[in-house]
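> Below are the sequence and a predicted model for it; my questions follow.
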Amino acid sequence: MSVEKKKIKVTIAGAGSGYTPGMVLTLLKSDELDVNEIRLYDNDSEKNKDMGIIIDFIIKNGGYSVKILVTEDPKVAFAGIDFVFSQIRVGKIEMREKDEKIPLKYGLVGQETCGLGGFSYGMRSMKGFSELVELIQMYAPNAWILNYTNPETIVAETVRRKFPKAKIINACDMTIGIEEIICDSFGYDRKNWIQEYYGLNHFGWYKSIYDISKSKDVMPEIIDKIKEIGFNTEGLDKSWALTYQNMRKLVKDFPENIPNNYLEYYLYSEMIVEESDINYTRANQIMDGRLKKIKDTVKEIKNNPNLDSIDYESDSHGQYIVDIATSLLYNKNNRFILIVENMGAIPNLRFDATVEVPCYVNSKGIEPIRLGFNIPDFHKGLMEAQVASEKLLVDAHFENSYQKALEAFALNQTVPNALVAKKVLDEFIEANGDYWVELR
Ligand SMILES: NC(=O)c1ccc[n+]([C@@H]2O[C@H](COP(=O)([O-])OP(=O)(O)OC[C@H]3O[C@@H](n4cnc5c(N)ncnc54)[C@H](O)[C@@H]3O)[C@@H](O)[C@H]2O)c1
Ligand SMILES: O=P(O)(O)OC[C@H]1O[C@H](O[C@H]2[C@H](O)[C@@H](O)[C@@H](O)O[C@@H]2CO)[C@H](O)[C@@H](O)[C@@H]1O
Ligand SMILES: [Mn+2]
């Protein structure tokens, strides 16, 4: 007997994002969700309108009977909504470019969510995302916020401190990406996997990957394949292909575990800086890629009244957040790797750390899974220093404290000393202006 599909209303906050079409297509194609209304909310009306044109095409072209609403008014965006999929980028790509280029000027890692670029972004997100949560709580207090807004550890910690009762789930799709390239490269099916994983967001390791079709942990054999054959990076853009080449080096140098690829920024900082081009960073690639594609698609739709398809499809990024919504809605207790307060999930790490671990999701919310083993000193040491630096950054935000910000910058695991930390901090204060709280 088929279960009656529950009708839901979804708002996408940060709708101008190039991820929105994939999310919407996944929502529309879901055979478990009956989405009867999708609202696009963004604080940039031009980006929101552009995305409205694309989503309107997708709805009409697919013959879907879904109401679409495009608005910059938070009350219209959130009143009566069931879910908010949030993916805002405070300061947009222009500030991401500064996040990446300013540290590189000082020979430090320039990256979106890691290193001091990630801290610059984190300070903006803490202020901007808190304002968004306030609006959602005002107009849709019972809605679930399924959040992709980065940097996830810092955003999750901020929301937990300021909105302890918020109905929010923080997710990262990197482990999906890692698992997909492993399956694609070496012939596994991740649907058969029960993963043990621990870390901070973008700073973690697999402990085991139990494959139910082989009744064993397949991580050891996967590690051998990564070392001996390497990933199949065909079709990936240059920067992601390089990322997975560096991940292979991580596995060769530290073969006990499969790492999150982002550890390359911490363990190979100097090598990454040498590989970077300060005149053309990832932000510039996105400007010429994902963002240009939005503009080109809008032009194509406007110029071709008989257009019958556009180059967007349902993707794993969208699937992950839709699967979380489905598990919440139907009390499925499905298992996801999410960003939560530790509280003993990693037994030998401070209880108040914001960690990334496997969790069950049901209609009550998130239930973190207790790993039941102590993590090794190498990982524990790295994590404890990074946790402290991230907590100091969140303290700096809440206390308007320059001192705490300097300590956070100096302790970040991509930074060699406090002298350069201070130079970068002072330049970021200048560059970010009111996107950050005032530090005194
Ligand atoms: N958690 C994950 O694993 C994961 C994966 C992919 C992307 N992301 C994150 O998703 C976000 C979107 O990424 P993108 O590259 O598409 O960014 P983008 O800049 O292309 O789009 C983000 C949109 O957010 C809007 N925005 C900014 N501040 C806002 C605010 N206060 N209220 C409403 N809208 C606001 C911008 O106008 C823009 O249209 C980023 O935070 C990115 O880091 C996270
Ligand atoms: O440099 P970007 O903006 O293209 O990507 C930054 C994001 O990278 C990760 O998300 C990846 C995902 O892991 C990968 O499998 C594929 O789906 O692309 C996504 C976006 O490129 C990371 O998890 C995010 O936090 C980053 O924002
Ligand atoms: Mn992520």
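Sure, I can see it. Ligands and ions are numbered 1, 2, ... in the order given.

> so what's residue 18 closest to, chain neighbours aside?
In space, and not counting its chain neighbours, residue 18 is closest to residue 290: 3.8 Å by Cβ to Cβ, 6 or more residues apart in numbering. Glycine gets a C-beta too; all of them are placed from N, C-alpha and C.

> count of neighbours near residue 440?
8 (other Cβ atoms under 10 Å).

> quick one: it and residue 399 touch, right?
No: when contacts are counted by Cβ atoms under 8 Å, residue 440 is not listed as touching residue 399 (9.6 Å).

> sorry, back to before: what about the residue nearest to residue 18, how many residues close to it?
13.

> Next: residue 145.
24.

> and if you look at the one 3 residues further on?
The number of residues packed around residue 148, counting by other Cβ under 10 Å, is 22.

> for the closest residue to it other than its chain neighbours, what are its contacts?
What sits nearest to residue 148 in space, not counting adjacent residues and going by Cβ to Cβ, 6+ apart, is residue 87, at 4.4 Å. Going by Cβ atoms under 8 Å, 6 or more residues apart in numbering, residue 87 touches 12-14, 17, 19-20, 147-149.

> Read off the pLDDT value for residue 4.
With respect to pLDDT, residue 4 scores 75.

> For residue 58, give me its contacts.
Residue 58 is in contact with 21, 24-25, 28, 64, 310, 312, counting by Cβ under 8 Å, 6+ apart.

> Kindly report the same for residue 352.
341-342, 391.

> re earlier: so which of the contacts of residue 87 sit within strands?
12-13, 147 (DSSP state E).

> Restrict these to those that also contact ligand 1, please.
With Cβ under 6 Å from any ligand atom as the criterion, the ones in strands among the contacts of residue 87 include residue 13 near ligand 1.

> In the protein, what residue lies closest to ligand 2?
As assessed by Cβ to the nearest ligand atom, ligand 2 sits closest to residue 177 within the chain, at 2.3 Å.

> I'd guessed that residue sits against residue 316; true?
Yes: counting by Cβ under 8 Å, residue 177 does reach residue 316; the two are 7.4 Å apart.

> Of these two, which one has the most company?
residue 177 (19 against 15).

> Against residue 308, how distant is the more buried one?
Using Cβ to Cβ, to the nearest Å, residue 177 is found at 31 Å from residue 308.

> Contacts (any at all) between ligand 2 and the helix or strand harbouring residue 326?
Assessed by DSSP states H and E, residue 326 sits inside helix 316-329. Yes: using Cβ under 6 Å from any ligand atom, helix 316-329 reaches ligand 2 at residue 317.

> what sits up against the helix or strand that comes right after that helix?
Using DSSP H and E, the helix or strand that follows helix 316-329 towards the C-terminus is strand 334-341. With contact meaning Cβ under 8 Å, 6+ apart, strand 334-341 is reached by 152-153, 156, 160, 169-172, 175, 194-195, 197, 201, 320, 323-324, 326-327, 351-361, 366, 368-369.

> circling back: so which residues make contact with the helix holding residue 326?
Here helix 316-329 has contacts from 6, 8, 10, 19, 22-27, 30, 32-33, 83, 85, 144, 146, 148, 169, 171, 173, 176-177, 180, 332-334, 336, 361-363, 365, using Cβ under 8 Å, 6+ apart.

> ok, now with 7 Å
Here helix 316-329 makes contact (Cβ atoms under 7 Å, 6 or more residues apart in numbering) with 6, 19, 22-23, 25-27, 30, 32-33, 83, 85, 144, 146, 148, 169, 171, 173, 176, 180, 332, 334, 336, 361-363.

> Would you mark the buried spots in it?
Buried residues in helix 316-329, defined by neighbour count with 16 or more other Cβ atoms under 10 Å: 317-329.

> now do stretch 61-74
64, 66, 68, 70-72, 74.

> Using CSV, please lay out those residues together with distance to ligand 1, secondary structure and pLDDT.
CSV is the format used below for the buried residues of stretch 61-74 (distance: Cβ to the nearest ligand atom, whole Å; DSSP: H, G, I helix; E, B strand; the rest coil; pLDDT from 0 to 100):
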residue, distance to ligand 1, secondary structure, pLDDT
64, 23, coil, 95
66, 21, coil, 96
68, 17, strand, 97
70, 12, strand, 98
71, 11, strand, 98
72, 8, coil, 98
74, 8, helix, 98
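
> Nearest to residue 44 among these?
residue 72 (8.0 Å; Cβ to Cβ).
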